[in-house]
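Student: here's a sequence, model it:
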Amino acid sequence: MKKLTSDWFTQNWLDAEYQKYVVMAYLQSVQQNFTANKLVPDLPDLQNHYETGVRFSRGKGTLNAAFPKRISRVTGPPPRIEYKSESADDPLLTEIDTVINFALPRFQRMVSEGQQRWADIAGNLTLAPIGLMPLHPAEGYLLVHTGSGNETQVYSFAMTFYSDREPGGRMVRLTYVEAVRKSLATTFENIKLDLIRRHRHLPNPATFMLESQHMYPMQETLLPIARQLLAQAVA
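Tutor: The predicted model follows:
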């Protein structure tokens, strides 16, 4: 099980026990990726599934609260009136409630683990500007160097639309440019100067160096975190 659909709690419905199995298989797959420090796309997907389940539960509760209620019994002392909703839960909705109540706390724990891993990895990374920064650093280059490797991965970046759902408030588009073998003669500053010479549409690009002492998955972890750090750096 690699993914859950957005309507995972109603699609291909059999029964609550089957859906619990689907949830556990999905979480096992996510856990394996988190253990390998692969955070994307599982972490944002998991957050979406959790939020979808919470919205469904809250919406169903609001709907039930709107139905008329009748007095079921009076207890006391002191006198206390207990009410019962006149709407009878559909058996299917009862099954869905069972699965959502099973899944949500497990989703929440896994989201917390993924967020902690994200924070720990981000704390081990160093993002630093190279050379002078332009007044409006909305586009430029990101140099990524990991571990003791001899290659530096070069990406161009561009800040795009504002978004309240993006870390740092801005969306960052990264495009792979090339890999440069680093040596004593090929410093990060020299790499920037060579990029300016060859790509004249950016005469004064904002250029950052992302450095990690550990090897992390590039597409699943380093670049997503780099987007967050870049957005925060140029905000």
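Student: from memory Asp45 sits against Thr5, does it?
Tutor: No - contact criterion C-beta atoms under 8 Å: Asp45 and Thr5 do not qualify, at 10.4 Å. Using the backbone N, CA and C atoms, a C-beta is placed for each residue, glycine as well.
Student: the more surrounded of those two?
Tutor: Asp45 (16 against 10; other C-beta atoms under 10 Å).
Student: need the contact list for that one.
Tutor: Listed by C-beta atoms under 8 Å, 6 or more residues apart in numbering, the contact set of Asp45 reads 3-4.
Student: could you redo the last one with a cut-off of 10 Å?
Tutor: 2-4, 6, 26, 30 (C-beta atoms under 10 Å, 6 or more residues apart in numbering).
Student: same check on Trp118?
Tutor: Residues counted as contacts of Trp118 (C-beta under 10 Å, 6+ apart) are 34, 37, 39-40, 43, 167, 221, 224-225, 228.
Student: pLDDT below threshold where in this protein?
Tutor: Of all residues in the chain, those with pLDDT under 70 make up the ranges 1-2, 11-14, 60-74, 76, 79, 81-92, 162-170.
Student: now do the lengthiest helix in it: distance to the chain's middle.
Tutor: For the chain, the longest helix by residue count, based on DSSP state H, is helix 91-123. Using C-alpha atoms, centre = their mean, to the nearest Å, the mean C-alpha position of helix 91-123 is found 13 Å from that of the whole chain.
Student: list the buried residues in the helix or strand just after it.
Tutor: Next helix or strand after helix 91-123 toward the C-terminus (DSSP states H and E): strand 125-129. For strand 125-129, a neighbour-count test (16 or more other C-beta atoms under 10 Å) marks 125, 127 as buried.
Student: got it, and stretch 199-216?
Tutor: Across stretch 199-216, burial judged by 16+ other C-beta under 10 Å covers 205-212, 216.
Student: mind putting the residues you listed into a markdown table with distance to Phe188 and secondary structure?
Tutor: Converted to a markdown table, those look like this (distance: C-beta to C-beta, whole Å; DSSP: H, G, I helix; E, B strand; the rest coil):
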| residue | distance to Phe188 | secondary structure |
| --- | --- | --- |
| Pro205 | 13 | coil |
| Ala206 | 14 | strand |
| Thr207 | 8 | strand |
| Phe208 | 10 | strand |
| Met209 | 5 | strand |
| Leu210 | 11 | strand |
| Glu211 | 9 | strand |
| Ser212 | 14 | strand |
| Tyr216 | 20 | coil |
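Student: good, wrapping up.
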